[in-house]
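Q: Predicted structure and sequence below. I'll ask about it afterward.
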Amino acid sequence: MLNNKKAQSIIAGIDVGGTFTDLLLVADDGVKVVKTPTTVENQAYGVLAALAETGAPLSEIDAIVHGTTTTTNAVLERKLSRTGMITTEGFRDIIEVGRRTRPQPYGMFGRFEPIVSRDLRLEVPERMDAAGRVVLDLDEESVKEAASQLLGLGCESVVVHFLHAYANPDHERRAVEILRDVWPNDYITAGHELLSEYREYERGVTATVNAAVRPILHRYVDRLQSELTREGFRRDFLVMNGNGGMVSARLVDREAAKTVMSGPASGVMAAAHAAKRAGIDNLITYDMGGTSTDVALVMDAVPAVSNELDVEYAMPIHVPMVDVRTIGSGGGSIAAVSEAGLLKVGPESAGASPGPICYGRGSTEPTITDANLLLGRLNPENLLSAENAPSLDAIRSTFDEKIAVPLGIDTDAAAGAVIRVANDRMAGAIRIVSISKGHDPRDFTLFAFGGAGPLHAVALARELGIPHVLVPTRPGITNALGCVVADVRHDFVRTVNRPLDLVDMGEVQEIMSSQVKEGNALIKSETIPIENIRVFHGADMQFVGQTHLISVSLPRLDATREEIQEIFEKAYFNRFQVELPEIRANLVNLKTSVIGERPDFDLSQIMDARFRAETVENARTGKRQVWFDGEWLDTAIYQRDKLPTGGQFAGPAIVEQMDTTIAVEPGNTVLVDTDGNLSIEIGDHS
Amino acid sequence: MSSIDPITLGVIQAGLQQVCDEMDLTFSRSAFSPVIAEADDRSDGIYDAETGELIAQGELGLPVFVGTMQFSTMTLIDFIKQGKALPPEEGDVYIVNDPYLGGTHLMDVRFAMPFYYKGELFSWLSNTGHWPDIGGAVPGGFSANATAVEQEGLRLPPVKLVKRGEMDPEIYAIICSNIRIADQRIGDIRAQIAALKVGARQLTVLLDRYGADTVKSTIGEWRGRAAQQMRAKIARIPDGTYKGEAWVDSDGVIDEPLRIAVSIEKKDGDLYFDFSESSPPCRGPMNSVIATTRSSVYLAMKHIFPEVPINAGTFEPLHILDPVGTFLYAEYPRPVSGCAAEVSQRIAEAVFAALVDPIPDIVTAAPAGSSGNFALGGFDPEKNRPFVMYQISGGGYGGNADHDGLTNGCSTIGISKTQPIEVLEQYYPVLFHEYGLREGSGGAGRQRGGFGVNYTVELRRGEAQASFVMDHGRVGPQGALGGKDGRPNTVTVYRNGEAYTPLHLSKDQDIPIAPGDIISVGTPGGGGFGDPHDRDVDLVLRDVKRAYYTAEQAQELFGVVLTADLNAVDGPATATLRGR
């Protein structure tokens, strides 16, 4: 039965990051958190090691949900399976010539290598027109010849990509049938299966990425599944997808491209869950790590999803994915003074290696992390304990030489400036991807995680006019938590593309109810317990004659024409301050998301009650001088594990914990809520 | 006014930049015309209240507008002073498209709004948008053979389109009566105004926060620092004179090439650009107004030093001597419709060619540098309506000290993507037979040029006329430091099975097209960089395996001999051929 709390199943969420593999095991008798080193060559070893460390027999675990960067790394490092393409005669260069771009608006340098090189892309005679009518029959013999040629060239995976296959997939289907007879494995991808939308370049690249990572994901998942089975696990484990949903290990490789951006998605899912429990539905998630920062928007407790994201330059993957935007600012971002005598921070980064100066790995470039250290925001005793770590004085003199002297200010001011400029840059980037879309910052909470996020969150919120910050109990395991709490999610899009006043409203309802039906059926087939099903409807709209779309949410399946018109006009005005009574509205796409909500997970279990102090006073471990906006203040230092729930205190304060440090500014007030989140009110101070 | 600390300076500057970026985004996202909405053929900026000088401009604006709008704003201010335009009031928006008043061609329509803070004129906000039509002889405005500006369309001096917040219905009616597809213009006009309003809103927030005085002194200070930064960049160029040239195929009327000759002198830390040796004014529409000539130099320098910000100070060390008496200093009534799209890119090419010698590590060989405009207009009997299909094209970028040139890169002056074939075939009665990489087009070099594209398209039904405004048909993009030129642009029309090549190679107008006729275009490859005989032999082998070049070309162009099965390099034969 659904919703039977007593029979709560045992669930393990496992996220593989660049350095650590995090595991969160949730059972009746509590929660276990495990951190093991990531095994880069094969992530499965780290996963198995983490499971072993929980001590729980695999036979008793009901579900394992796994977030993996196997496909992400394969794409970014171009360690791909050798893949061949069979495509329409005259069009084998579609994925190489692209759509006439360059990597940046200014600068004539830049390079691009397609995923499948030209010698592995073969053409066959066939042609559909835009209406899906056959212009030229498929030459089946050519398909066979192409297949044997590609096999001879050592291809393991193959993609079939024909023009207008979204309008009529017959030729692609037939080619796949032919390939099934001759191709020695199952790694056959057809363009229309993954994405049934026009635009041959985007669809082609998406399908090609899918083909090129499929064998890699399949081998990884297959091996892990058999190891798990051998250890007694009785089901298929589940793999996180980029839309924040999950899919069975047995099926995941068919749509492997959907896992390419899954890492950041699970963090956003966790954030949405934690915030919702705290009574917050609208948030901006802010995950700042060593080299970059991920930002996403959550409205009405549901993360925004986009199907138009690029993994990198000229690499669009157009499947529905949580709309996570990456900004090139992280703890390792390098600060430098330009020829114009201005301070710049990033996007160049010292990364994890050599990393900031304070890591003691030989870097001499000042970074954001070093500035935080000089200003007392990070604890020198923790950071500089590593072997070969430089002294604070050594770091100070580097800041003097490279920043303070060129700017004509003192060292403290120089470090403060690095933080201020970095925050300003991040705030600008966050504003563009979130608030500038027409939202009021006062309606939002900034949800901060990642190693560096909580250090900067309060200042950013102040800068952006966001009144409230939430820092979860264990910011460092947010992605693993996402695996445990993520909902099961299915997204549907159907193109209508007609002026709203000509749309058959009966048909609109029909389309959306069939989307709901299909979603429900898919959710029923999942093995993971679901508590409740929620359905969201939306539409992509524009004025007739425009090309850009704006997405609006629809209140009900049977929203009236007038209601839809009004919702659209209002959304348009909010975004652009324009009213266009002369021009008709156009309904482009109808969208439905069917979300199987997982049982609520009590986040307070993640806190380790053993260390908790009785009072806030007792959680205080000391004080030190910390620099806040131009002056050194006597600042209380708290140990996060010791803070009691319900405890309150005011800034200035620094809260330290194993995986992050939280800076609380003067004027802020902090409440430790019942889940252990730090709930920070920014106050009027500015 | 006291001096501001460098941090606040940086923060406010970033804030001004963001105001412009938001204006750019608002304009594109709410526009109707695909030229603006998809191709981003627009730009937004903030200009000084008294001088009209550039304060900040959106990074996402079309590069060719990098300098023009300040000249346009300067002219407007001048007109107001002389009483030729009415003085500004809060809520006004001026409209102007006169090319000779700080513009480009007639299709680029500038809006300017006086921005008031606490009742005082603080600055001007202005934007340019490329309208899909402005009247004149040819739909779309790109006449290949106009001989006077009047044939190119409606020309507006600066007039108030919006007066104290209300659109003037009379001015609006005049515009609508003079352009094609006027019914959708209201959407673009509102979008263009909306961008200015969003800018005003954001700028007010910035001023509320930091105070008008602080922002004003930031602007002043920043102007000086931008000049300082540009000077620090050009300090890498040794003192001396550097010459470059580039050729425009023809003016579209008289079949003779037009020469752009630039002599760049570096002295006392500044650069002096002299174009006076260039061809005289031409009869056809390839003349360039001075604002566009200047802007083309600015955008070339910004391509070389992408890190420098865009404001009036940036341009201070760049002195462009008025090339009076050449086709780069067009005066009324010379036709100018080709200047923004093609001549501007040739000017940039001449600048690249001059500077690749002194600073070869950061300047590339010549890029394809054409917008590749192809228009097919006609009637579709199946849909029972007229149509106009615009197709733009990219080409190869020049090889450079670090790597081969990019294949099918965007035009030097643009940032817009091409339309998918699947979209074109959905809207227009055409069928593409090919859209692919143009083999052999990249100029040979140690780092070769990128490749252009080939496309072949057939009219399926109805009737149509084809027009082309392209360039680089006579000579390909120049190689550098011993690299070879990229292949020139080609246009061939197969009518009734017979091949027709336009007299002016890359430019022609109203070629009648019947069903079954085929248009075939090959776009230029980029110039090669360095001696092709220095190219890594394994890269030559790879390029042959990919059919970028034939085995014969590997031998002729790169001096590399391959084995008979084309699977390996014949080392001894190659060494002999390369003479080492």
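A: Great, that's in hand. Residues are numbered from 1 along each chain as shown, chains lettered A, B, ... in the order given.

Q: what sits up against the least confident helix or strand in chain B by mean pLDDT?
A: Evaluated with mean pLDDT, DSSP states H and E, the helix-and-strand set of chain B has its lowest mean pLDDT in helix B:34-37, which scores a mean of 78. Outside helix B:34-37, the residues that touch it by Cβ atoms under 8 Å, 6 or more residues apart in numbering or on different chains are A:546-548, B:27-29, B:31, B:41-42, B:129-132, B:188, B:191, B:390, B:419. For the C-beta atoms, the positions are set from N, CA and C on the backbone; glycine is no exception.

Q: now these: which count as buried?
A: Buried members of the contacts of helix B:34-37, counted by 16 or more other Cβ atoms under 10 Å in any protein chain shown: A:546-547, B:27-29, B:31, B:41-42, B:129-132, B:188, B:191, B:390, B:419.

Q: What is the nearest of these to B:A148?
A: Sorting the buried ones among the contacts of helix B:34-37 by distance to B:A148 puts B:W131 at the head of the list, at 20.1 Å, by Cβ to Cβ.

Q: Looks to me like B:A300 is in a helix.
A: Yes - with DSSP: H, G, I helix; E, B strand; the rest coil as the criterion, B:A300 is located in a helix.

Q: Spell out which parts of the stretch 401-550 of chain A neighbour chain B.
A: Where proximity means Cβ under 8 Å from any Cβ of the partner chain, the interface of the stretch 401-550 of chain A facing chain B comprises A:407-409, A:417, A:420-421, A:424-425, A:428, A:431-432, A:436, A:543, A:545-548.

Q: Quick check on those: which are buried?
A: A:407, A:409, A:417, A:420-421, A:424-425, A:428, A:431-432, A:436, A:543, A:545-547.

Q: show me where pLDDT drops low in the chain?
A: No chain in the question, so chain A it is. Confidence mapping of chain A against pLDDT under 70 gives the ranges A:1-8, A:196, A:352, A:384-386, A:435-438, A:684-686.

Q: I was thinking of chain B, sorry if that wasn't clear
A: Where chain B drops to pLDDT under 70, the residues are B:1-3.

Q: How much space separates the residue nearest the centre of it from chain A?
A: In chain B, the centroid-proximal residue (Cα atoms, centre = their mean) is B:I413; its distance is 2.3 Å. As for B:I413, its distance to chain A is 11 Å (criterion: Cβ to the nearest Cβ, to the nearest Å).

Q: ok, now which ones touch the residue lying closest to A:R534 once chain neighbours are set aside?
A: By the measure of Cβ to Cβ, 6 or more residues apart in numbering or on different chains, the closest residue to A:R534 outside its immediate chain neighbours is A:I595, 4.7 Å from it. Under the criterion of Cβ under 8 Å, 6+ apart, the contact list for A:I595 reads A:302, A:487-490, A:533-536.

Q: just checking, B:E425 touches A:H164?
A: Yes - in terms of Cβ atoms under 8 Å, B:E425 counts as a neighbour of A:H164; the distance is 7.4 Å.

Q: Close to chain A: what parts of the stretch 451-580 of chain B are there?
A: Counting by Cβ under 8 Å from any Cβ, the residues of the stretch 451-580 of chain B that sit close to chain A are B:451, B:453, B:456, B:545-548.

Q: Those in strands, which ones?
A: Helix and strand membership here follows DSSP state E; of these, those in strands are B:453, B:456.

Q: For the residues of the stretch 451-580 of chain B next to chain A, which two are the farthest from each other?
A: Between all members of these, the longest pairwise span (Cβ to Cβ) is found for B:T456 and B:K545 and amounts to 24.8 Å.

Q: Look at the two and report which has more neighbours.
A: Under the criterion of other Cβ atoms under 10 Å in any protein chain shown, the comparison of B:T456 against B:K545 puts B:T456 first, with 18 against 14.

Q: ok, longest helix in chain A?
A: The helix of greatest length in chain A, counted in residues with DSSP state H as the criterion, is given as helix A:200-230.

Q: Report the next helix or strand after it in sequence order.
A: strand A:238-240 (DSSP states H and E).

Q: what helices or strands is that following strand leaning on?
A: If you count contacts as 3 or more Cβ pairs under 8 Å, 6 or more residues apart in numbering or on different chains; DSSP states H and E, strand A:238-240 packs onto strand A:63-67, strand A:246-248, helix A:262-277.

Q: Just put those in TSV and tack on distance to chain B.
A: Written out in TSV, the entries for the helices and strands packed on strand A:238-240 read as follows (distance: least, Cβ to the nearest Cβ, whole Å):
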stretch	distance to chain B
strand A:63-67	32
strand A:246-248	29
helix A:262-277	23
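
Q: Let me know the outermost residue of chain B.
A: Using Cα atoms, centre = their mean, the residue of chain B lying farthest from its centre is B:P572. It sits 46.8 Å away.

Q: Can I take it that it is in a helix?
A: Yes - counting by three-state DSSP, B:P572 is located in a helix.

Q: Please report how far it lies from B:D251.
A: Note on B:P572: its distance to B:D251, by Cβ to Cβ, to the nearest Å, is 52 Å.

Q: now B:A39
A: Computed with Cβ to Cβ, the distance linking B:A39 and B:D251 is 25 Å.

Q: Looking at those two, which has the bigger crowd around it?
A: Between B:A39 and B:D251, counted using other Cβ under 10 Å, B:D251 has the larger neighbour count: 27 against 22.

Q: correct me, but that one touches B:S288?
A: No - using Cβ under 8 Å, B:D251 makes no contact with B:S288, being 11.2 Å away.

Q: if you look at the buried ones among the contacts of helix B:34-37, which of them are in strands?
A: Checking the buried ones among the contacts of helix B:34-37 against DSSP E, those in strands are B:42, B:129-130, B:390.

Q: Could you take those residues and lay them out as CSV, with extra columns for distance to A:M85?
A: Shown next, in CSV, are these (distance: Cβ to Cβ, whole Å):
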residue, distance to A:M85
B:R42, 37
B:G129, 39
B:H130, 36
B:Y390, 30
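
Q: The helix or strand encompassing B:G199 and chain A, are they touching?
A: When elements are assigned from DSSP H and E, B:G199 belongs to helix B:185-210. Yes - interface with chain A: helix B:185-210 contributes B:186-187, B:190-191, B:194, B:197-198, B:201 (Cβ under 8 Å from any Cβ).

Q: Next to chain B, which bits of the stretch 1-150 of chain A? Give me the list.
A: A:90-94, A:96-102, A:104-112, A:117-119, A:127, A:129-130, A:135.

Q: hang on, the earlier thing: pick the one among the residues of the stretch 451-580 of chain B next to chain A closest to chain A.
A: B:R546 (4.0 Å; Cβ to the nearest Cβ).

Q: isn't the closest one right up against A:D119?
A: Yes - taking Cβ under 8 Å as the definition, B:R546 is a contact partner of A:D119 at 5.3 Å.

Q: When these two are compared, which one has more neighbours?
A: Between B:R546 and A:D119, B:R546 has the larger neighbour count (other Cβ under 10 Å), namely 16 against 13.

Q: Just give the nearest non-adjacent residue to the more buried one, would you?
A: Taking Cβ to Cβ, 6+ apart, and ignoring the residues beside it in sequence, B:R546 has A:R118 as its nearest neighbour in space, at 4.0 Å.

Q: Might you report the residue contacts of B:M107?
A: Listed by Cβ under 8 Å, 6+ apart, the contact set of B:M107 reads B:97, B:130-134, B:140-141, B:153, B:337.

Q: Which residue ranges make up each domain of chain B?
A: According to the domain assignment given by automatic domain parsing, chain B is divided into the following structural domains: B:6-227, B:364-535, B:537-578.

Q: Tell me which of those is the most buried.
A: For the domains of chain B, the largest average neighbour count (mean count of other Cβ atoms under 10 Å in any protein chain shown) is found in domain B:364-535, namely a mean of 23.

Q: what's the most distant pair in the residues of helix B:185-210 next to chain A?
A: Pairwise distances across the residues of helix B:185-210 next to chain A (Cβ to Cβ) peak at 21.9 Å, for the pair B:I186 and B:R201.
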